[in-house]
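A.B. asks: can't give you the sequence, but here's the structure:
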């Protein structure tokens, strides 16, 4: 197990180094000079140079890479070119919107998907099953930004139940904030819920056909009892894996939805940063997201290996 | 297994039966029909569209659906039906090539990794895959198009890169289970090297898997292209694309809903068609494993 | 009778409370499309900084009025020496910065010297290039010496880049702007909004509003939805002209149509073939149907222009006939120039919808005469690097929003690369001319020269479209500079 963990750690470190190089180089060849963008069309050459110096853009490639990585290792993500505030602070602020939004969407999707999947599985082939499967097919196929647009028209402009977007801030009150995250969370949750419901259903059906469930049924348990007592627990493994995957997707995947609802979250920050050539923000946020996913994957692998020793030797 | 539909079906075998089975699969029929509608529309647009979409007709802008323009006109007075037909071309081309990229690079990598299971090579390939997966795909697509400029080609590359690990993993896992089988052992005993076995015996046996996954990646590609061109990073004007049509109609949705409704429906129906087709194909190839797409 | 009396009084009470409720509104939430990157107007080009802070938080020695005229600001009066080289400003008394420090001549000297210093990061450093010395005479008087007479000097000082800042608060100006204006900076939620509150110690006429919130909504759809949902009281420079008829038809809202200083042009690269040939440029100009662009891209708002000058300026000459819509003439000109059609040219389009939509329309129009623009949509950062600085483009569309900026045609290295020594001499003359008559004549000649040289194709003056709740009064209808002056904004009873 120790050996396994060590090899995993080594490959984790290599992954992160490769990722940081790729990200840094990608940003490096991104056309557009941050200083020129900030100073506009009437800027003079000496002014531009003065600003580039201030931003630390004039160093060599290696120097800048080293200072970026070195800074990150010591918890310093640098200072945003445009906002002139520490990147770590900005990320922290935006996370307070993106993270709750992702959690909210995940909660919604789970709350919808579990009953729907279980119900469909327990009545396999019935009208209920067909309906759930049909709706989830639509849910998977619908472009979520389009769905968001339609929701804004119906619920914000026509019915005026929700505001069309924006985020008042948590200090304005918990429920007000939750309300303003509701439409975006629904838009994000719909495809996720559809996928999850389908996974739930098929995982249940798979376990239902396995021997131990059959045995239980042979012992006289009804289909529903078998489902509840045995199948559900075993079906949870693939379902939880999917939920884990969805969470990291939701965190970064909200870019378009955050734009539709003009939520000042992480996704919109990075979008703005790219167009303003606030490169240090782009680099750090992308790196952070990659880091999060890699770490989660690592944790999942270790957990699996602890549960199932066979896995240590597979691959 | 307990599905009444599949349980009563005879095991697949002869092509005639296969055909028969295909038509008994509702998913496959509906999916195929929907997909064909858009493919035919796209092909037809090379020869004919109801109206020419290269010329603008500002005087005739934002007209609701009518006998003259079945789906109405857009903000430049172009016929939306014609735009959707030509737009289907863009969407389908981007998605098909992106899937192609994924297969061309992913399948050999997967085969190679499986043939050298447990070796350093296998480890490197799979770790590289994980790493690609770890990047937030939409963000990277945005970065790629920001670096190289927005265009259909760059959208293809951005989407295609993320298809590579999908096919590599799928091929590897499919191939791994095959390597345990007797007929592979027989081939080995006959002196064939692993590269030859991979091509001659493994590949044909993972084709079904690849077709099913290809259909699904195709539909994801359509969605991804729509998302990218919605944020302005796909095909550039005057080439129509569904995502950009949605973006352009967005400010007018409150007084000209038809402009947003039809391109959105086009995306929805195409993706739906492909997903149904994918499910149907899976049932067809492997009735025992009639599980839903994850 | 009693019954009736009762109902009337009840109704009037209701009416009274209703009107009181309306009259009680003393705050304002106003939408803007762009968020400032930081809050120092003296070290960035971003107009969004001025949109929030100019006249509200920061003031200069002189200031722009709603009609673009230059009037007294922190300098209540000034004297100009005979030779036009020395300006003596008398400063307003009893002025305090928002942090309580006193405003005096030292602050003026500090601000101007900082802007023109070697390591200055001022985006409009050229405004201060003529200053040779700033001298503090006494706390209320400051003397500015120029190296040459400058007819534009008072105008230059009115810019947002020339506002007065204090050495005590300069350190944190980018996050905590401290000025002398009628509003004080309160809070900035990045990505969302900036809050201002009334400055109770203001030296001039106090503002009516006791607080104001600028909300940043870049997406036009979201802006529309936010207005319709009444999340906002007003949206200054509303980005989607297509939505205005809906606001107009809604009794809750009014639409204010004004003008910006934005001459919107189809710029041509005068040094790059085929546009180095004046006949080709003329052909492009005649191939363009301005009305179609205004209808298609701006939904009918905006007025056609024939040269690089604002139509509302008194010296404007209508020269649209020089480049009237005549595709046949275009084709003839192209043939005369020996251009083999169809010819492909590169057209870069920055993000605003006038450029993106206008570009598509222009591309379609140019295709009719055999010029095939290859559209490339770019972001601003990229546009600045490749088009503006790198000059790697054939055609591009952009709106020049600086006031009175025809002098950019005197810069041969400017992105459209127009190099005409006569024009350059004329601009040098106008810069030092202070006689209004003579200046007016020179401006008219300048307009005609660039129109007849077909330097660029002149499309339209960008409109300023503002949506507001019906009771909101006092917003500037026009934008003589980038500003959202809230000092005179009130709610109607």
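C.D. replies: Here it is on my side, so go on. Not measured: the values here are computed from a predicted model. Residues are numbered from 1 along each chain as shown, chains lettered A, B, ... in the order given.
A.B. asks: Measure how far stretch C:369-378 is from the centre of its chain, please.
C.D. replies: Relative to its parent chain, stretch C:369-378 has a centroid offset of 28 Å by CA atoms, centre = their mean, to the nearest Å.
A.B. asks: Can you list the buried residues in that stretch?
C.D. replies: Within stretch C:369-378, the residues that qualify as buried by neighbour count (16 or more other CB atoms under 10 Å in any protein chain shown) are C:369-371, C:373, C:375-378. C-beta coordinates here come from the backbone N, C-alpha and C atoms, glycine included.
A.B. asks: and residue B:77, helix, strand or coil?
C.D. replies: coil (DSSP: H, G, I helix; E, B strand; the rest coil).
A.B. asks: pLDDT wise, what is residue C:434 at?
C.D. replies: Here the pLDDT value assigned to residue C:434 is 75.
A.B. asks: I meant residue B:54, not that one.
C.D. replies: pLDDT at residue B:54 comes out at 83.
A.B. asks: Where does it sit: helix, strand or coil?
C.D. replies: coil.
A.B. asks: likewise residue C:165?
C.D. replies: coil.
A.B. asks: List the contacts of it.
C.D. replies: Counting by CB atoms under 8 Å, 6 or more residues apart in numbering or on different chains, residue C:165 makes contact with C:40, C:42, C:58, C:107, C:110-111, C:114, C:173, C:178-179.
A.B. asks: how does it look with 7 Å?
C.D. replies: The contact partners of residue C:165, taken as CB atoms under 7 Å, 6 or more residues apart in numbering or on different chains, are C:42, C:111, C:173.
A.B. asks: Show the overlap between these and what lies near chain B.
C.D. replies: With the criterion set as CB under 7 Å from any CB of the partner chain, no member of the contacts of residue C:165 is near chain B.
A.B. asks: and of the residues you listed, the nearest to residue A:192?
C.D. replies: Nearest to residue A:192 among the contacts of residue C:165 is residue C:173, at 44.4 Å by CB to CB.
A.B. asks: Now the closest one. Its backbone dihedrals?
C.D. replies: phi -60, psi -30 (degrees, to the nearest 10).
A.B. asks: Up against chain A, what does chain C have?
C.D. replies: Contacts of chain C with chain A, taken as CB under 7 Å from any CB, map to C:37-38, C:44-45, C:119-126, C:174-175, C:189-192, C:217, C:219, C:222, C:225-226, C:228-229, C:231, C:379-382, C:384-386, C:388-389.
A.B. asks: what helix or strand does residue C:98 sit in?
C.D. replies: Residue C:98 belongs to no helix or strand when elements are defined using DSSP states H and E.
A.B. asks: re the thing from before, same list, the buried residues of stretch C:369-378, but as JSON lines with pLDDT and secondary structure please.
C.D. replies: Output for these, formatted as JSON lines (pLDDT from 0 to 100; DSSP: H, G, I helix; E, B strand; the rest coil):
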{"residue": "C:369", "pLDDT": "94", "secondary structure": "helix"}
{"residue": "C:370", "pLDDT": "93", "secondary structure": "coil"}
{"residue": "C:371", "pLDDT": "94", "secondary structure": "strand"}
{"residue": "C:373", "pLDDT": "94", "secondary structure": "strand"}
{"residue": "C:375", "pLDDT": "91", "secondary structure": "strand"}
{"residue": "C:376", "pLDDT": "88", "secondary structure": "strand"}
{"residue": "C:377", "pLDDT": "86", "secondary structure": "strand"}
{"residue": "C:378", "pLDDT": "85", "secondary structure": "coil"}
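A.B. asks: Of the residues you listed, which is the nearest to residue A:71?
C.D. replies: Taking those together and measuring to residue A:71 by CB to CB, the closest member is residue C:378, at 30.7 Å.
A.B. asks: near chain A, anything from whichever strand or helix holds residue B:122?
C.D. replies: According to DSSP H and E, residue B:122 maps onto helix B:120-134. Yes - contact of helix B:120-134 with chain A (CB under 7 Å from any CB) involves B:126-127, B:130-131, B:134.
A.B. asks: ok, of these, which come out buried?
C.D. replies: Buried residues within these, counting neighbours by 16+ other CB under 10 Å: B:126-127, B:130-131, B:134.
A.B. asks: Take those and write them to JSON lines, including pLDDT and distance to chain C.
C.D. replies: Listed next are these as JSON lines, based on pLDDT from 0 to 100; distance: CB to the nearest CB, whole Å:
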{"residue": "B:126", "pLDDT": "84", "distance to chain C": "37"}
{"residue": "B:127", "pLDDT": "82", "distance to chain C": "34"}
{"residue": "B:130", "pLDDT": "80", "distance to chain C": "32"}
{"residue": "B:131", "pLDDT": "81", "distance to chain C": "28"}
{"residue": "B:134", "pLDDT": "75", "distance to chain C": "26"}
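A.B. asks: Nearest to residue B:212, out of those: which one, please.
C.D. replies: If you rank those by distance to residue B:212 using CB to CB, residue B:126 comes first, at 21.6 Å.
A.B. asks: Contacts only, for the closest residue to residue A:108 other than its chain neighbours.
C.D. replies: In space, residue A:108 comes closest to residue A:189 once its chain neighbours are excluded; the distance is 4.0 Å by CB to CB, 6 or more residues apart in numbering or on different chains. By CB under 7 Å, 6+ apart, the contact set of residue A:189 is A:105, A:108-109.
A.B. asks: Looking at the residues of helix B:120-134 next to chain A, which one is closest to residue B:74?
C.D. replies: Nearest member of those to residue B:74, counting by CB to CB, is residue B:134, at 39.6 Å.
A.B. asks: Low-confidence stretches in chain B?
C.D. replies: Filtered on pLDDT under 70, chain B yields the residue ranges B:1-24, B:286-294.
A.B. asks: Run through the residues of it sitting next to chain C.
C.D. replies: B:55-56, B:58, B:61, B:76, B:149-150, B:232, B:236-238, B:250-252, B:254-255.
A.B. asks: Between the contacts of residue A:189, which sits nearest residue A:93?
C.D. replies: residue A:105 (19.7 Å).
A.B. asks: Which helix runs longest in chain B?
C.D. replies: Across chain B, the helix with the greatest residue count (assigned by DSSP state H) is helix B:80-115.
A.B. asks: Do I have it right that residue B:69 meets residue B:82?
C.D. replies: No - between residue B:69 and residue B:82 there is no contact under CB atoms under 7 Å: 8.7 Å.
A.B. asks: which residues touch residue C:387?
C.D. replies: C:348, C:393, C:396, C:415.
A.B. asks: Okay, and residue C:31 sits in which element?
C.D. replies: strand C:27-32.
A.B. asks: Pairing partners for that strand, with directions?
C.D. replies: Sheet pairing for strand C:27-32, assigned by DSSP bridges, gives strand C:211-216 (parallel), strand C:234-235 (parallel).
A.B. asks: thinking again about what came up before, so which of the contacts of residue C:387 reach chain B?
C.D. replies: Within those, nothing lies near chain B by CB under 7 Å from any CB.
A.B. asks: Quickly note the distance from the residue nearest to residue C:38 when sequence neighbours are not counted to chain B.
C.D. replies: Closest residue to residue C:38 apart from its sequence neighbours, by CB to CB, 6+ apart: residue C:174 at 3.9 Å. Remark: distance between residue C:174 and chain B (CB to the nearest CB, to the nearest Å) = 26 Å.
A.B. asks: residue of the stretch 101-250 of chain B with the smallest distance to chain A?
C.D. replies: residue B:136 (3.5 Å; CB to the nearest CB).
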